[in-house]
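Asker: Okay, predicted coordinates and the sequence, questions at the end:
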Amino acid sequence: MDINFNKNEDYNKLLLSELNNKLVKVSLGGGKKRIEKHHAKGKMTARERINYLLDDKSKSIEIAAFAGEDMYKEYGGCPSGGVVIKIGYVKGKQCIVVANDATVKAGAWFPITGKKNLRAQEIAIKNKLPIIYLVDSAGVYLPMQDEIFPDKEHFGRIFRNNAVMSSMGIIQIAAVMGSCVAGGAYLPIMSDEALIVDKTGSIFLAGSYLVKAAIGETIDNETLGGATTHCEISGVTDYKAKDDKDALDTIKNIIDKIGDFDKAGFNRSESKKPKENPKDIYGIIPKSRADQYDMYEIVKRLVDNSEYDEYKAGYGKSIITCYARIDGWAVGIVANQRKLVKTKQGEMQFGGVIYNDSADKATRFIANCNQKKIPLVFLQDVTGFMVGSKSEHGGIIKDGAKMVNAVSNSVVPKFTVIIGNSYGAGNYAMCGKAYDPRLIVAWPSAELAVMSGNSAAKVLLQIEKASLEKQGEKITKEKEDALYKKIKDRYDTQVSPYYAAARIWTDAIIDPLDTRKWISMGIEAANHAPIEKPFNLGVLQV
């Protein structure tokens, strides 16, 4: 190995160590003291509940672990958005599990909590995946009610989705394992079956204090909306559980008897590990986002047997298109080549830039994958489309629009992995979050923004300088350097993968070695949902 490989490896392993440390921190939710208080009530934490529910030693993936990261500081923060979401297996059946974390503000809903819950339901709807809700929440976080209550993508959308999923035949099971108040009370009752834990679970539209204030009735919460009330008097819930484990065991038994699902029929054969060592990825990905590397070397370390069949290998070389298998699943890969490449006409193409011919090639490949019912995997390390007179005269906007059209109208499931840069319209063409990937993940080396921190800082510096000079201020070299650093530092914070993950622009930041698992489980989930409409590009500028 050369010295650059070793330097890259050291740097990327440090990024991975930072990721793992952050994951340990968010896994504590509201902190050790609140976990102890939670246990003292005889309750398991959200993560303990999920771990008990999922099959032992089975694979699972966590959605949006960093939701809310460094947000809401004035309210004390909201680790993981106050809710834990995992895709895993219950009695061998793939499910998505949503568990309120009552150690974070009593499980109250912040704006990001709503967004995260809606993402879980979106995954269930797109993949027709059974969804299990483990409810333990104080309801809307009142200091921020204006940002979570009334809009289309706010709290109320959850219950609308409950109804829509029910009409689609998507299985929904809910267990009330703590508080379930006000509008939140509708979620478990709009599910197919509802459980409630005796003495710790409660459901009511208004608690005892509000009932006293509203109508003058004096009543305790247990009598008002506890397990006995709802299982023996109101009939609101279907099962009474003696404790958390009893409730979770009941859910396991319900899931165990579910019939098989109609399959989409995606092609799968026996899984084979890559021949090339996946750990080499740490040494291949460069420390600097501006440096080049060969994306073929990454592909070889992600696909079965390190084998792929390349489509249009000699044409549009700044994008790689190929057929391969990942954990046995047939996939079509669209990847940005980050190496400077030479065309047959002798022209050089910059790595990570989408040119006219590469956009055209990708469009045709995406159409072919839709024709053959092959899921698409996008490996992003893109700085954008090529600019300049030659590209503009060649119709780069038209060719870029064709690619965006194909990505937008694709009916096969799409999965996006942000390896490095994800800038500008390149993010869109390579299936960014706005283009409905079934799952979208980032490696610790990723950056998401309109442009790089360096480029943006230079542009913003010129604007700032012009504004200050117009006010009569003289800009010295020292002041210019200080301004540049201030702007770049702010922008660099915003391009961080953690900034994106906090806002659920991505579903997770993952160890590159977990990429195969995420894609495999994602395709397995997608296989629950047969494709219901034909691929149609609409009006296409050919």
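Answerer: Alright, I've got the coordinates. Numbering: from 1, shown residues only.

Asker: Check whether the closest residue to P444 other than its chain neighbours sits in a helix, strand or coil.
Answerer: Leaving out its chain neighbours, the residue that sits closest to P444 by Cβ to Cβ, 6 or more residues apart in numbering is L15, at 3.7 Å. In this view, the C-beta of every residue, glycine as well, is placed from N, C-alpha and C. Classification of L15 by DSSP: H, G, I helix; E, B strand; the rest coil places it in helix.

Asker: Same question for the one 5 residues further on.
Answerer: Counting by three-state DSSP, the backbone at N20 sits in helix.

Asker: re the thing from before, the residue nearest to P444: neighbour count?
Answerer: When neighbours are counted by other Cβ atoms under 10 Å, L15 registers 19.

Asker: try N20
Answerer: With other Cβ under 10 Å as criterion, N20 counts 12.

Asker: distance of it from K59?
Answerer: N20 is 18 Å from K59, where distance means Cβ to Cβ, to the nearest Å.

Asker: Kindly report the same for R157.
Answerer: 30 Å.

Asker: Would you confirm that G395 contacts N356?
Answerer: Yes: if you go by Cβ atoms under 8 Å, G395 and N356 touch, sitting 6.5 Å apart.

Asker: Return the distance of L16 relative to D10.
Answerer: 11 Å.

Asker: What of M44?
Answerer: Taken as Cβ to Cβ, the span from M44 to D10 is 40 Å.

Asker: again with I319
Answerer: Relative to D10, and taking Cβ to Cβ, I319 is found at 30 Å.

Asker: Between those two, tell me which one has more neighbours.
Answerer: Neighbours were tallied for I319 and for D10 using other Cβ under 10 Å; the higher tally belongs to I319 (29 against 12).

Asker: ok, what's across the strand from the more buried one?
Answerer: N336 (DSSP bridges).

Asker: Report how many residues lie close to the closest residue to A102 other than its chain neighbours.
Answerer: Ranked by Cβ to Cβ, 6+ apart and with sequence neighbours excluded, the top spatial neighbour of A102 is D136, at 4.4 Å. Number of residues near D136 (other Cβ under 10 Å) recorded here: 29.

Asker: Am I right that D136 falls within a helix?
Answerer: No: D136 is assigned strand when assessed by three-state DSSP, not a helix.

Asker: Quick check: it touching A99?
Answerer: Yes: if you go by Cβ under 8 Å, D136 and A99 touch, sitting 7.5 Å apart.

Asker: what do these two both touch?
Answerer: When contacts are counted by Cβ atoms under 8 Å, 6 or more residues apart in numbering, D136 and A99 are jointly contacted by A46.

Asker: Remind me which helix or strand A529 belongs to.
Answerer: Assessed by DSSP states H and E, A529 sits outside every helix and strand.

Asker: Just the pLDDT at it, thanks.
Answerer: The score at A529 is 96. That number is its pLDDT.

Asker: Tell me if I'm right that it and K126 touch.
Answerer: Yes: contact criterion Cβ under 8 Å: A529 and K126 qualify, at 6.6 Å.

Asker: more neighbours, these two?
Answerer: Using other Cβ under 10 Å, the more surrounded residue of A529 and K126 is A529, with 20 against 17.

Asker: any idea how far the residue nearest to the more buried one when sequence neighbours are not counted lies from A106?
Answerer: Distances taken as Cβ to Cβ, 6+ apart put K128 closest to A529, at 4.3 Å, once the chain neighbours are dropped. Look at K128 and A106: by Cβ to Cβ, they are 33 Å apart.

Asker: ditto for L461
Answerer: Following Cβ to Cβ, the distance that separates L461 from A106 is 45 Å.

Asker: for K479, same thing?
Answerer: 49 Å.

Asker: Next: G31.
Answerer: Taking Cβ to Cβ, one finds G31 at 14 Å from A106.

Asker: More neighbours: which of the two?
Answerer: Counted by other Cβ under 10 Å, G31 and A106 do not tie: A106 has more neighbours, with 18 against 12.

Asker: Under the pLDDT cut-off, which ranges of the stretch 351-500 of the chain? List them.
Answerer: Applying pLDDT under 70 to the stretch 351-500 of the chain flags the ranges 453.

Asker: What about D249, how many residues nearby?
Answerer: Neighbours of D249 (other Cβ under 10 Å): 14.

Asker: same thing with T321?
Answerer: Around T321 there are 24 residues (other Cβ under 10 Å).

Asker: Just confirm it is within a helix.
Answerer: No: using three-state DSSP, the assignment for T321 is strand, not a helix.

Asker: contacting residues for it?
Answerer: Contacts of T321 (Cβ under 8 Å, 6+ apart): E310, Y311, K312, G332, I333, V334, A335, K361, A362, F365.

Asker: can we see that at 6 Å?
Answerer: Taking Cβ atoms under 6 Å, 6 or more residues apart in numbering as the contact definition, T321 lies against Y311, V334, K361, F365.

Asker: swap in K59?
Answerer: Here K59 is in contact with K517 (Cβ under 6 Å, 6+ apart).
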